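What follows is a predicted structure for the sequence shown.
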Amino acid sequence: MCVTSLCTPKVVRPYRNHSLDNERWAEYVSRDSDIIVVSSYKSGTTWLQATLLRLVLRDAERLPIMEMSPWLESPLAPIRHVIATLEHQRHRRVIKTHLPLDGIPYLPTATYVVIARDPRDVFMSLWNHYRNIVRYPFLAAPSHPRRVGPPLPRCPDQLRRFWYAWLTRGWFEWESEGYPFWSNLHHTQTWWEWRHLPNILFVHFNDLLNDLSGEVSSIAGRLGIEVDSKRLRAAVDALTFDKMKNDAMMLLPHADAMLRGGANTFFHSGTNGRWRDVLTADDSALYEEVATRELSDECRCWLEGGRASGIDPKST
């Protein structure tokens with residue numbers, strides 16, 4: 001990591017596979033007020049997108065999230081369509097990415113809001129998501145004109161098989177975990193190493209879960225968005241897990257085409273700790289080995305506890 005004030009992150013990896021194409025960011029024309037939502041996956045990405053849209057747009061309660069806040073490097077939609085959607089937006093834009101910081105252009109004028117979660121909770125959510133995929137252009141046999149490389153394999157029929165593969169293989173040659181998607185631990189670490197930059201902010205899933213009102217207020221303050229008490233209450237009421245699950249069909253209208261159970265599967269449980277009743281001692285030992293190798297001590301402690309860990313990403 002470069003530690004001088006003149007250093008900035010650089011794109012050094014070609015993240016291109018069944019679900020990612022970081023070359024699409026070359027078409028992106030930034031605005032100084034852009035907010036970029038960052039996560040590896042299944043860490044509360046959609047929750048944070050909804051939060052930011054509620055703060056930016058007063059009437060965003062039932063807007064389709066994926067259309068208002070597109071996943072830019074996903075090859076599913078032609079990039080010209082995504083760029084056109086963003087160009088037509090006159091409000092402060094909220095854009096989603098699942099790219100590590102070594103694969104996305106860094107812009108000092110944008111604000112990057114990184115949401116993360118205990119990796120074991122990420123896994124449980126990912127398992128639910130992956131095994132319920134029923135129609136996805138990059139899955140299994142069908143070819144797709146914008147897919148790069150092999151398709152996403154079918155989900156294993158046993159959770160423990162998926163756990164082992166996810167922690168011991170990488171999709172890309174420089175990764176050692178995250179298969180068959182992309183890294184989870186390495187992803188977070190790439191952003192953590194640049195946490196001192198003023199426009200990289202960290203949000204933890206646990207903190208949203210435990211103190212939604214406080215976190216929404218904190219996020220608004222860090223983004224320079226004024227929110228009075230009435231508007232804050234309205235936002236928090238709309239952002240509870242139960243409320244979002246109830247409005248799932250309006251928020252994610254295309255989920256039925258991808259997941260068994262549709263949007264209700266996407267918004268599965270919103271809880272933590274399910275892994276405690278699932279993972280064996282050997283599974284936990286494997287996690288210990290991989291987390292120790294891939295994460296710094298401070299990053300791991302924060303990932304596993306959020307605010308309760310006592311670690312402030314900006315002060316470590």
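Thanks, I have the structure now.

Only C-alpha atoms from now on, for both contacts and neighbour counts.
OK.

which regions of the stretch 151-300 of the chain lie under the pLDDT threshold?
For the stretch 151-300 of the chain, applying pLDDT under 70 flags the ranges 245-271.

Do you know the pLDDT at the most centrally placed residue in the chain?
For the chain, the residue nearest the mean C-alpha position is residue 39 (2.5 Å; Cα atoms, centre = their mean). What the model reports for residue 39 is a pLDDT of 97.

Please look at it and residue 112 and confirm they touch.
No. Applying Cα atoms under 8 Å as the test, residue 39 and residue 112 come out as separate, 10.2 Å apart.

got the residue ranges for the helices in the stretch 1-150 of the chain?
With helices called from DSSP state H, counting those that start in this stretch, the stretch 1-150 of the chain shows them at 45-56, 65-68, 79-88, 119-131.

moving C-terminal of the longest one, what's the next helix or strand?
On the C-terminal side of helix 119-131, the closest following helix or strand by DSSP states H and E is helix 159-168.

what angle separates the helix or strand following that next one from helix 119-131?
On the C-terminal side of helix 159-168, the nearest following helix or strand under DSSP H and E is helix 185-192. Relative orientation of helix 185-192 versus helix 119-131 (axes from the mean of the first three to the mean of the last three Cα atoms, to 10 degrees): 120 degrees.

counting contacts, what elements does helix 185-192 pack onto?
Judged by 3 or more Cα pairs under 8 Å, 6 or more residues apart in numbering; DSSP states H and E, helix 185-192 is in contact with helix 281-294.

ok, residues contacting the helix or strand following the helix it packs on?
Using DSSP H and E, the helix or strand that follows helix 281-294 in sequence is helix 297-305. Contacts to helix 297-305, defined as Cα atoms under 8 Å, 6 or more residues apart in numbering, come from residues 116-119, 189, 192, 204, 206, 291, 309-313, 316.

hmm, 6 Å instead?
Contact with helix 297-305 is made by 117, 118, 309, 311, as judged by Cα atoms under 6 Å, 6 or more residues apart in numbering.

top of those residues by neighbour count?
residue 117 (27 neighbours; other Cα atoms under 10 Å).

now that one: how far from residue 188?
Distance, residue 117 to residue 188, using Cα to Cα, to the nearest Å: 10 Å.

Over to residue 222?
As for residue 222, its distance to residue 188 is 20 Å (criterion: Cα to Cα).

between these two, which one's more packed in?
residue 188 (25 against 14).

Give me the distance between the more buried one and residue 315.
From residue 188 across to residue 315, the span is 17 Å (Cα to Cα).

Next: residue 171.
Counting by Cα to Cα - residue 171 and residue 315 are separated by 33 Å.

Now residue 240: closest residue in space that isn't a chain neighbour?
Once flanking residues are discounted, residue 240 sits nearest to residue 212: 7.8 Å by Cα to Cα, 6 or more residues apart in numbering.

returning to that earlier point: as a markdown table, the helices of the stretch 1-150 of the chain with mean neighbour count, mean pLDDT and distance to residue 164 would be great.
Compiled in a markdown table, the helices of the stretch 1-150 of the chain are given as follows (neighbours: other Cα atoms under 10 Å; pLDDT from 0 to 100; distance: least, Cα to Cα, whole Å):
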| stretch | mean neighbour count | mean pLDDT | distance to residue 164 |
| --- | --- | --- | --- |
| helix 45-56 | 23 | 92 | 24 |
| helix 65-68 | 18 | 84 | 31 |
| helix 79-88 | 14 | 96 | 35 |
| helix 119-131 | 19 | 92 | 11 |
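
Would you indicate which residues of stretch 192-207 are buried?
Across stretch 192-207, burial judged by 16 or more other Cα atoms under 10 Å covers 192-196, 199-207.

Tell me which of those residues fall in helices.
192, 205, 206, 207 (DSSP state H).

and the gap between the last one and residue 129?
Here residue 207 is placed at a distance of 22 Å from residue 129 (Cα to Cα).
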